[in-house]
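Novice: need a 3D model of the sequence below.
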Amino acid sequence: MSSVFETVFSDLKTRIKEDTLTLPTLPEVAFQIRDTAENEDSTMNDIVRVLQKDPAVCAELVRCANSALMRTVNQCRDVSGAVNRMGVDTTVNVAMSQAMKRMFQATTDAVDSRMRNTWNKAVEVAAMCYVLAQTRRKLGLKPDQAALAGLMHNIGSLPILMYAEENTQLLNDSFALDKTIEKLHPILGKYLLQKWNFTLDLIAVPYQYLQFDREGNFADYVDLVQVSYLHTLGGTNHPHTKLDWDSVGSFKRLDIDPNTFIKKNDELEEQVQQAKDMLGEH
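Specialist: Numbers count the residues shown, from 1 in each chain. Below you'll find the predicted structure:
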């Protein structure tokens, strides 16, 4: 085992325990739009006014509202139209998603490249989550919330990459950095979402999506993310492709046959691509 990994792993664990680790800050508009939407006295106009404080998020919302996934003919021209078309819940989750995207940028090329790859992987998983939730509405899982869960599944990588940007030794040791992310990102993902006051069903996602033996009676967002994550590994040599998918309870809870799920499906792939276009890759 790399001595760099052991040193970094110990340091990061200590910082988490002592609550001294530098964490990414979710843009203020994300918190404001969430708080406004949760206020029972808020109106659609209140939500629009909050969004208008951030032109970049407004532009992304309009783009999403006009995306192929929304299957509409008339174009939205402003954020009011976008909110009316998508509804409050979808607007909040899309706004959160677009605000999160900004955090995946760094000042050094090496870290910036990794952050963009991390975001694009999250988008790939999120797009599949969105489509699966749409086809399984009877399970009570909301597509926009499912997409947000997918985007957050690897959010714990972000503080590690921020740490690496200030730690040349770690940054120059790809093995140690990969191993640190692999071992710590579920713990840090949970820690980060708790700091951001997300709901328990989302906090569970980064912490549990790699727990392939997890049990439960009802499908949840962890199940969606777990199955979507496994699907994105198709055609690779990743160790998780060697799992016995028949033993992964998420497939059963989502009523998905793991033996046919990985096969090429043009309609499914088109829907996933539309979801990826809506969410926006780096």
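
Novice: what ranges do the helices span in the stretch 51-200 of the chain?
Specialist: Ranges of helices within the stretch 51-200 of the chain are 55-65, 79-86, 88-101, 109-135, 143-152, 157-165, 168-171, 174-195, 200-208, based on DSSP state H, counting those that start in this stretch.

Novice: now those as TSV including distance to Tyr229 and mean neighbour count?
Specialist: C-beta coordinates here come from the backbone N, C-alpha and C atoms, glycine included. As requested, those are exported to TSV (distance: least, CB to CB, whole Å; neighbours: other CB atoms under 10 Å):
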stretch	distance to Tyr229	mean neighbour count
helix 55-65	23	20
helix 79-86	26	20
helix 88-101	17	22
helix 109-135	5	21
helix 143-152	8	26
helix 157-165	13	22
helix 168-171	25	16
helix 174-195	12	19
helix 200-208	10	20
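
Novice: wait, which of these is closest to Ser228?
Specialist: helix 109-135 (3.7 Å; CB to CB).

Novice: to Val4, which of the helices of the stretch 51-200 of the chain lies closest?
Specialist: Closest among the helices of the stretch 51-200 of the chain, using CB to CB: helix 174-195, at 4.0 Å.

Novice: quick one: low-confidence parts of the stretch 151-282 of the chain?
Specialist: The stretch 151-282 of the chain contains residues with pLDDT under 70 at 262, 264, 282.

Novice: about what we covered before: got CSV for the helices of the stretch 51-200 of the chain, with distance to Ala30 too?
Specialist: Formatted as CSV, those follow (distance: least, CB to CB, whole Å):
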stretch, distance to Ala30
helix 55-65, 8
helix 79-86, 15
helix 88-101, 4
helix 109-135, 15
helix 143-152, 11
helix 157-165, 14
helix 168-171, 28
helix 174-195, 12
helix 200-208, 13
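
Novice: out of those helices, the one nearest Leu279 is which?
Specialist: helix 109-135 (4.9 Å).

Novice: could you give me the average pLDDT of that closest one?
Specialist: The pLDDT scores in helix 109-135 average 92.

Novice: how about stretch 48-64?
Specialist: Rounded mean pLDDT across stretch 48-64 is 89.

Novice: likewise for stretch 16-24?
Specialist: Stretch 16-24 comes out at a mean pLDDT of 86.

Novice: buried residues in that stretch, which are they?
Specialist: Ile16, Leu21, Pro24 (16 or more other CB atoms under 10 Å).

Novice: in helices, which of the residues you listed fall?
Specialist: Ile16 (DSSP state H).

Novice: same list, the buried residues of stretch 16-24, but as JSON lines with distance to Leu148 please.
Specialist: Formatted as JSON lines, the buried residues of stretch 16-24 follow (distance: CB to CB, whole Å):
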{"residue": "Ile16", "distance to Leu148": "24"}
{"residue": "Leu21", "distance to Leu148": "23"}
{"residue": "Pro24", "distance to Leu148": "16"}
